[in-house]
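**Q** Show me the folded form of this:
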Amino acid sequence: MSKHFSALGINENSLKSLADLNISVPTDIQQKAIPVILQQKDDVVALAKTGTGKTAAFGLPLLQLIDTEATNVQAIILAPTRELGQQIHQNLLAFSKYQPEISIAATFGGIPIKPQIERLSETTHIVVATPGRLVDLVNRGALDIKALKYLVLDEADEMVSALKTDLDLIIKAIPKTRRTFLFTATLSGAIKQLVQNYMSKHVVQVEADMTTVGHQGIEHQFVVVEPIEKLEVLMHFLNSKEGQRGIIFCKTKAAVNKLAKNLAINKFSSGALHGSLSQGIRDRIMGQFKEGHISILVATDLAARGIDVKDITYVVNYHLPDTYEAYVHRSGRTARAGAKGLSLTVLQEEEVIDIDDFEDELGITFNEVKKADTQSIEENNALLWARKIFKTKPNRDVDEDFKSKIKTIFHHLTKEELVDKILANYLAKTQSNALKSETSKPKKKKKK
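**A** Predicted coordinates:
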């Protein structure tokens, strides 16, 4: 039975903020984590999938633990990406609306460090940061973490791999007496090692109901394709989702760039997001996606962390992720805030065997869907061709006399007749190209 936030020990100021945000019923992880953080003195490991309200689970009690009479930094919240850090910072500001005496700063890489140094020269109680930038600020003497009371590691499973060096430096520099609150989607071997090495022996573990919360509302599907038809099958799927927002995940930055380019050529409203892009470009793409100016985001796993857009209706795994944790974070981008969502994985025949492992490890069920047939693909390609023509900007440099001669050829045709002839010409060309492609394939040698 769901409790109210007041029953968990949340104070009146935070309750007023939650009311303003139309948040009334705590999620499972909030019910389990908040009382432990508020009422006990131990470290906490919280296991919860993405999209389950983790920020409030550590943010609300943390705001109450802050001693506003003190002027030093008492809590640091580490996030693997700037996007996630910004989301956490915005949430904390909203939660502390009626507690202006609490000062919260945000420090991330990819943007000038000087304004952050100036900000930290003022009274600051909580710092939300990415590990690399935090290490830089500490090395410059801009941030003193020697009296830290609380350390929060959000999406820790991502930080124990790519960001482990900086994380180790931070943990070694802060007091051993601090409390650590670790939030993760999975208890990988690396996470267990971190808990053993850097957290107290009396650590309390809380776990959200994984069977109902983490995957609730998500339909998991996979489709098997040949490598040569992968892009066409994807574009057929995207056309069926026109008007809806989704994220396509690729393993590498190069793959993101290549796919985004192909989608742009075919006039899909899309953008690319990966770590090698400048922060300015990443912010612009994210802004366009959140505001609905583009409907498809092509991204790497790490770049997509912190995307909290409530109406993402589908996720496509264009490449099967290397880890179960990555799949959890990918699929968790959809079906947020109680909505329904689809997670589609595009596989090659030799990868199908891996699906059983994902089902066993994550406690989910995948349904196989048949790829679009040849006729549907051809019709979809024709629709893409027509859309490209429709979106082509007129060439203003064409000589008017030449243009007039072209118009003369078509002037007696109705709109319907012109469309019929252009379409017939397109289909004749595609059939001819298909025939040439088939005849140009090297013949298999007969076995003697």
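
**Q** Which other helices and strands does the helix or strand where V45 lies contact?
**A** Element membership for V45 (DSSP states H and E) is strand 44-47. Secondary-structure packing of strand 44-47 (3 or more CB pairs under 8 Å, 6 or more residues apart in numbering; DSSP states H and E): helix 28-39, helix 54-65, strand 179-184, strand 204-207. Just so you know, the C-beta spots here come from the backbone N, C-alpha and C atoms, and that holds for glycine as well.

**Q** What strands line up against it, and which way round?
**A** strand 179-184 (parallel), strand 204-207 (parallel) (DSSP bridges).

**Q** Pick the most deeply packed of those.
**A** Among these, ranked by average contacts under mean count of other CB atoms under 10 Å, first place goes to strand 179-184 (a mean of 24).

**Q** can you list contacts of the helix or strand just after that one?
**A** Reading on from strand 179-184 to the C-terminus, the next helix or strand found by DSSP H and E is helix 189-198. Residues outside helix 189-198 that contact it (CB atoms under 8 Å, 6 or more residues apart in numbering): V45, A156, D157, V160, S161, K164, L167, I171, T180, L182, T184, V203.

**Q** Break down the stretch 51-200 of the chain into its helices, ranges please.
**A** 54-65, 82-95, 114-120, 131-139, 156-159, 164-173, 189-198 (DSSP state H, counting those that start in this stretch).

**Q** Pull the distance from the last one to the chain's centre.
**A** Per CA atoms, centre = their mean, to the nearest Å, the displacement of helix 189-198 from the mean C-alpha position of its chain is 25 Å.

**Q** ditto for the shortest one
**A** Helix 156-159 has its C-alpha centroid displaced from the chain centroid by 14 Å (CA atoms, centre = their mean).

**Q** what comes into contact with that helix?
**A** Contacts for helix 156-159 (CB under 8 Å, 6+ apart): 78, 80-81, 131, 153, 167, 182-186, 188, 190-191, 194, 302, 305, 325, 329.

**Q** the strands in this structure, which residues?
**A** 44-47, 75-78, 104-107, 126-129, 150-153, 179-184, 204-207, 218-224, 245-249, 270-273, 296-299, 312-317, 341-347, 366-368 (DSSP state E).

**Q** on that earlier part again, buried subset of the contacts of helix 189-198 as a ChimeraX selection?
**A** Buried members of the contacts of helix 189-198, defined by 16 or more other CB atoms under 10 Å, are picked up in ChimeraX with:
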select :45,156,157,160,167,171,180,182,184
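
**Q** got TSV for the contacts of helix 189-198, with pLDDT and distance to N433 too?
**A** Below are these laid out as TSV (pLDDT from 0 to 100; distance: CB to CB, whole Å):
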residue	pLDDT	distance to N433
V45	95	58
A156	87	52
D157	81	47
V160	79	50
S161	71	45
K164	82	50
L167	90	53
I171	91	60
T180	95	61
L182	95	56
T184	89	51
V203	94	63
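
**Q** And the contacts of helix 189-198, which is closest to Q87?
**A** For the contacts of helix 189-198, the residue nearest Q87 by CB to CB is A156; the value is 16.1 Å.

**Q** Which stretch among the helices of the stretch 51-200 of the chain approaches L347 most closely?
**A** From the helices of the stretch 51-200 of the chain, taking CB to CB, the stretch that ends up closest is helix 156-159, at 23.9 Å.

**Q** related to what we said a few turns ago, and the strand holding V45, how far from the chain's centre?
**A** 21 Å.

**Q** Next up, the contacts around the residue nearest to I102 when sequence neighbours are not counted.
**A** Once flanking residues are discounted, I102 sits nearest to S96: 5.0 Å by CB to CB, 6 or more residues apart in numbering. By CB under 8 Å, 6+ apart, the residues touching S96 are N13, S14, S17, L63, I102, I104.

**Q** try S278
**A** The contact partners of S278, by CB under 8 Å, 6+ apart, come to G110.

**Q** where's it relative to K258, distance?
**A** To K258, S278 is 19 Å away according to CB to CB, to the nearest Å.

**Q** How about the nearest residue to L187 once chain neighbours are set aside: which residues does it bridge to?
**A** In space, and not counting its chain neighbours, L187 is closest to L47: 6.2 Å by CB to CB, 6+ apart. Beta-bridge partners for L47, by DSSP bridges, are T184, E207.

**Q** still on that earlier bit, compare the strands paired with strand 44-47 and give me the one nearest K388.
**A** When those are compared (using CB to CB), the closest one is strand 179-184, at 44.6 Å.

**Q** Output that closest one as CSV - backbone C-alpha positions only.
**A** In CSV, the C-alpha atoms belonging to strand 179-184 read as follows (Å, rounded to 0.1, in the frame of the first residue of the first chain):
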residue,chain,number,x,y,z
ARG,A,179,27.8,8.6,4.4
THR,A,180,27.6,7.3,0.8
PHE,A,181,24.3,6.8,-1.0
LEU,A,182,24.9,4.7,-4.2
PHE,A,183,22.1,4.4,-6.7
THR,A,184,22.4,1.9,-9.5
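
**Q** tilt between that strand and helix 54-65?
**A** With axes from the mean of the first three to the mean of the last three CA atoms, to 10 degrees applied, the angle from strand 179-184 to helix 54-65 works out at 170 degrees.

**Q** Which stretches in the stretch 201-350 of the chain count as helices?
**A** 230-240, 253-265, 279-290, 324-331.

**Q** quick one: which of these has the weakest pLDDT on average?
**A** With a mean of 82, helix 324-331 has the lowest mean pLDDT of these.

**Q** which helices and strands sit right next to that one?
**A** helix 156-159, strand 312-317, strand 341-347, helix 355-362.

**Q** could the ones you listed be laid out in CSV, adding distance to V223?
**A** As requested, these are exported to CSV (distance: least, CB to CB, whole Å):
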stretch, distance to V223
helix 156-159, 27
strand 312-317, 10
strand 341-347, 6
helix 355-362, 11
